[in-house]
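[1] Sequence first, then the predicted structure:
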Amino acid sequence: MSAPTITEPGVAATTARAPRGVRSAETRPAWLFIAPFALFYVVFLIWPTAYMVIASFFNTSVVQEGFGSWAGFGNYAEMLTRPEFWSAMWHTLQFTLYTVPPLVVLSFVFAVLANRVQRGQWFFRLAFFVPFILPSAAIALIWNFILSPSTGLLAVVQGWFGVEEPAPILGTPALAMVGIALATLWWTIGFNFILYLAGLQDVPREVYEAAAIDGASPWQQIRWITIPMLSRTTTLVILLQIIASLKIFDQVYLMTAGGPGISTQVALGLVTTSAFTDFRVGAASAASVLLFIVIVAIAVARQLIDRAQERRA
Amino acid sequence: MTPHLPPPGRPTRRSLLKGGLALGGLGLAGATAGCGSPLAAGIAGTQLAPGTVTFWNLFGGGDGARLQLMLDEYARQNGGPDSLQSATFAWGNPYYTKVSLATLGDKPPDVAVAHLTRAQNLARAGLLTEITDEMLALVDLTPEDFTPKVWDAGKLGERAYAVPLDTHPFVLFYNKGVCEQAGLLDGDGKLKPIRGTEQWEAALTAAKEVTGAYGASVATVSETATPWRLFQSLYSQRSGNTPFLSGGGTELTFDEPLVADTLAYLQSLTAKGLMPTTTDYAGSQTLMFTGQAAFYMQGEWEITTAQSVPDLEFGMVPIPQLYDSPACQADSHAFILPRMERDEDQLRRAMGFVRSMLDQGMTWAEGGHVPAYLPTLQDPAYAALEPQSDYAPAADYAVYDAPAWYSGSGSNFETIVGAQIGLVLQGSASPEEAIASMRSQLQTYAETADPLS
């Protein structure tokens, strides 16, 4: 999972209203400055995306030159009728359901708590954020050790409490995804935590002071000031989190490789396998496009909710 | 928000940038200067490690340990550890994915190991260098030095793409202690021949009375390859059996009544309690090792595990002929040369490495595999090797998986079919249900355009 870049919503709105003359004079240097990034953007994002869409209509193969023979909607029809595809989509959704609520709620709770710490706040900020900068391979190693059957940290702890032969988390189809979700929770909570902490520090102190004078309890302050004032941050965090969770790949590939059986195989895992093991780039592209549509739909839905919120405000 | 200036003493953005550029430059210079570094080789398009044979394989466990002995010997004869870079990857699909992508990316190893059933597909994808007679002649080999059946399995049309190392058939292990008590051994302490389903069931029943648990054990849970190997061995013994797939995988051509009957027979064995309904790979071994089953069916490579069990007296024979002709499922390990530009030296080194591995065939044969290299197979030392030589004939009637872009060892085909056979053995699917499920899943692949051609 990669952390998408965040833009401050306010900044774009103020700069867009510049007079016409100024804009045209600034345009050329602006393009020059943008060019290096734009080139990368076209080569590594726009073109691959276009390639994916085109390839999804062909029987494209890794080992053949060109796009191969025309397949029409054959690849889509295949994916939509394949049980493995639906199972992979379900596991992706399952992972999203397991990770989004705790990652949003817990990061909020921890941010509120950390924000209240008077001394040594840096320690908490660091403690929550450090796992996020570790690479996924390191996370997978740490959690595979924790969760490994009979000799792992968890098994040892379970042993203290008298649990004989606990079920191996990553080896049990019903539990494997929980194990992956736990690892992800620990790994990525720092990102949402930082977003919430930044949001919290933007809430004016006077509001709390006024509320305190009016006799609001700390819980009432959180319920009626903190949560409403952070609603924009929350929609952003939820959107980013849903997208990040739908893009799950590394942890599954490294921790279970989709197993046991295909009980943790996720959409991107299926795409990778189809493209690079079965050599079927066309079919894999069709699966990617379908996942892409789901993610775009969610992003659009978020935009609509955002607009509705703005109108109410 | 108020813009704040960097406090004195902190690096400014500009100085950071400069420093970063300098560091990056240094790094690049260092990388390109270090001869043979992967980055430099990638940029300049040169060899990864000049003067070295790079070798990829997928051998873990006992096979891996034995291979290491052979690699050490090669390195010793060829001027030390720098002469060889070997890497072992995760078995099955991840390995073949890696080999394919490295070849497409033009940075393949000099030599790699592949199953013959998978080498076929790699060759069809244009990822392999043809093994010509001239190349073999570089190290004094000819196609006639190998078991003809195995050599032919490595050919695509008239061209050869693999140098076979072994055949690894699915065999029958037996616990001598249990078989002795059940009266199944002859005067020399070897298993009396078993032929036909009646004798087989009689043997299993006799063994079950001794063990009090099972007659034979075979993995049925969390396993797809083993159930497939067992089924394919018996199905191939029947007269009138047809290949599972034909036309390069575009048609499902298995004989349905015969498949149903074979599955029903297997199910009857577990239903009667002669074989366990649910046991996994390790569990099926333990049953035989601990005397709870007289027989255990698996690939011969488990000989290393069996030998490591203290006080276990065991023997190995080919899968008994229960039907019309002897047959058993098998595959072969072979050396392949991934496609790349090779100069004379590189080619000579690669073939020299292959030759060295073949010459050390006895070490490999001790690990259970039946040699495909005739000088090793016909070596009196091999004939004296027990129980390895007892099941060597199995290689002659070995049956490889039907060719298709989605078949071969550890492939989608084995996964689909094996999972259903596993369910039949467990008693949780009827043969008809299993066939219907196999058919519908395989049909998707059969109708899919072959990505290799």
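    Received it, and whenever you're ready, just let me know what you need.
[2] host element of B:Phe335?
    Taking DSSP states H and E as the definition, one finds B:Phe335 inside strand B:333-336.
[3] Ramachandran coordinates for the residue most central in space within chain B?
    Nearest residue to the geometric centre of chain B (Cα atoms, centre = their mean): B:His115, 5.5 Å. Main-chain torsions, B:His115, degrees, to the nearest 10: phi -70, psi 150.
[4] do the same with B:Ala114
    Dihedral angles for B:Ala114 - degrees, to the nearest 10 - are phi -150, psi 150.
[5] ok, it - contacts?
    Counting by Cβ atoms under 8 Å, 6 or more residues apart in numbering or on different chains, B:Ala114 touches B:Tyr96, B:Val99, B:Leu122, B:Ala162, B:His333, B:Ala334, B:Phe335, B:Ile336. Every residue, glycine included, has its C-beta placed from N, CA and C.
[6] Keep only the residues you listed that also lie close to chain A.
    When contact is defined as Cβ under 8 Å from any Cβ of the partner chain, the contacts of B:Ala114 meet chain A at B:Tyr96.
[7] Select only the buried ones of the contacts of B:Ala114 in ChimeraX?
    In ChimeraX syntax, the buried subset of the contacts of B:Ala114 is picked out as below (16 or more other Cβ atoms under 10 Å in any protein chain shown):
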select /B:96,99,122,162,333,334,335,336
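[8] with the contacts of B:Ala114 in mind, which one is nearest to A:Leu93?
    Nearest to A:Leu93 out of those is B:Tyr96 (Cβ to Cβ; 30.1 Å).
[9] so the spatially closest residue to the closest one that is not a sequence neighbour is in which element?
    Distance criterion Cβ to Cβ, 6 or more residues apart in numbering or on different chains; nearest residue to B:Tyr96, sequence neighbours excluded, is B:Arg118 at 5.6 Å. Per DSSP H and E: B:Arg118 is located in helix B:116-124.
[10] Name the residues that touch that helix?
    Contacts for helix B:116-124 (Cβ under 8 Å, 6+ apart): B:96, B:99-100, B:114, B:128, B:150, B:153-154, B:156, B:159, B:161-162, B:164, B:331-334, B:336, B:338, B:400-401, B:403, B:405, B:407-411, B:452-453.
[11] So which of those sit within helices?
    Among those, DSSP state H puts B:Tyr96, B:Val99, B:Ser100, B:Val150, B:Ala153 in helices.
[12] Any chance of these in JSON lines with pLDDT as columns?
    Formatted as JSON lines, the ones in helices among the contacts of helix B:116-124 follow (pLDDT from 0 to 100):
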{"residue": "B:Tyr96", "pLDDT": "92"}
{"residue": "B:Val99", "pLDDT": "95"}
{"residue": "B:Ser100", "pLDDT": "93"}
{"residue": "B:Val150", "pLDDT": "94"}
{"residue": "B:Ala153", "pLDDT": "91"}
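[13] thinking again about what came up before, tell me the first helix or strand C-terminal of the strand holding B:Phe335.
    Heading C-terminal from strand B:333-336 (DSSP H and E), you reach helix B:344-359.
[14] just to revisit the earlier point, what about the residue nearest to B:Tyr96, how many residues nearby?
    Residues near B:Arg118, counting by other Cβ atoms under 10 Å in any protein chain shown, number 26.
[15] wait, A:Trp186 sits on A:Phe132?
    No - in terms of Cβ atoms under 8 Å, A:Trp186 does not count as a neighbour of A:Phe132; the distance is 9.7 Å.
[16] secondary structure element for the residue nearest to the spatial centre of chain A?
    The residue lying closest to the centre of chain A (Cα atoms, centre = their mean) is A:Ala244, at 1.3 Å. Element membership for A:Ala244 (DSSP H and E) is helix A:231-246.
[17] Show residues contacting that helix.
    By Cβ under 8 Å, 6+ apart, the surrounding residues in contact with helix A:231-246 are A:1-4, A:6, A:9, A:92, A:95-96, A:99-100, A:103-104, A:107-108, A:184, A:188, A:191-192, A:195-196, A:198-199, A:227, A:267, A:291, A:294-295, A:298-299, A:302, A:305-306, A:309.
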